[in-house]
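**Q** Give me a model of this one.
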Amino acid sequence: MSIPILEIDGEVYTQTFPIIAYLGKKYGLAAEDEYDNFHIHECCDDFRDFFNKWRPILMESTPPTQKEVLKKKLLAEDTQQIMSKYNEILVKNNAQGSPWLFGNKMTWADISFAHFIHNFKISLAQVDLVAGFPVIENFCRNVHNQPRIKEWIDKRPDSPF
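**A** Here you go, the predicted structure:
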């Protein structure tokens, strides 16, 4: 069985994004329309694809010299591409009065995106994905400063994630 898991009434569910989407909808963090929900799922698939490109760098079996070459390529190309895409989305939404990725309220995609960027910086690859993208940096700060999220961050147990 893969992790994470979610158990509801004895039924076990797996896979990160379906679990997050389910909980997001259940707790009012889904988008308000299907168009924005589509973009949320697209965004999460972008994260998954991006993470998979970094996987060899995170694996101990990859030789260090190969990791460095791949890391430089990913930072110069793939990181710039995905961060530029989401920077553009945020700039457009900010101009329309919304600080969020999709729609006019915070969704599970906003939380996931900010968490993903944070994890990359502090534990996974120790890379600052938002270097050169102050709009995304401000977005992440905004997500992490939401009262209930900030409260959890301040009291959560120490963890590399």
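**Q** got any ranges where the protein has weak pLDDT?
**A** Scanning the chain for pLDDT under 70 picks out the ranges 1, 124, 160-161.
**Q** can you tell me which residues contact the residue positioned nearest the centre of the chain?
**A** In the chain, the C-alpha closest to the average C-alpha coordinate belongs to residue 113, at a distance of 2.4 Å (C-alpha atoms, centre = their mean). Taking C-beta atoms under 8 Å, 6 or more residues apart in numbering, we find residue 113 in contact with 43, 47, 86, 101, 139, 140, 143. All C-beta spots, glycine's among them, are computed from the backbone N, C-alpha and C.
**Q** a markdown table please, covering those residues and showing distance to residue 27.
**A** Putting the contacts of residue 113 into a markdown table (distance: C-beta to C-beta, whole Å) gives the following:
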| residue | distance to residue 27 |
| --- | --- |
| 43 | 19 |
| 47 | 20 |
| 86 | 23 |
| 101 | 18 |
| 139 | 21 |
| 140 | 21 |
| 143 | 16 |
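**Q** Considering these, which possesses the most neighbours?
**A** In terms of neighbours by other C-beta atoms under 10 Å, those top out with residue 139 at 25 neighbours.
**Q** Alright, calling it a day.
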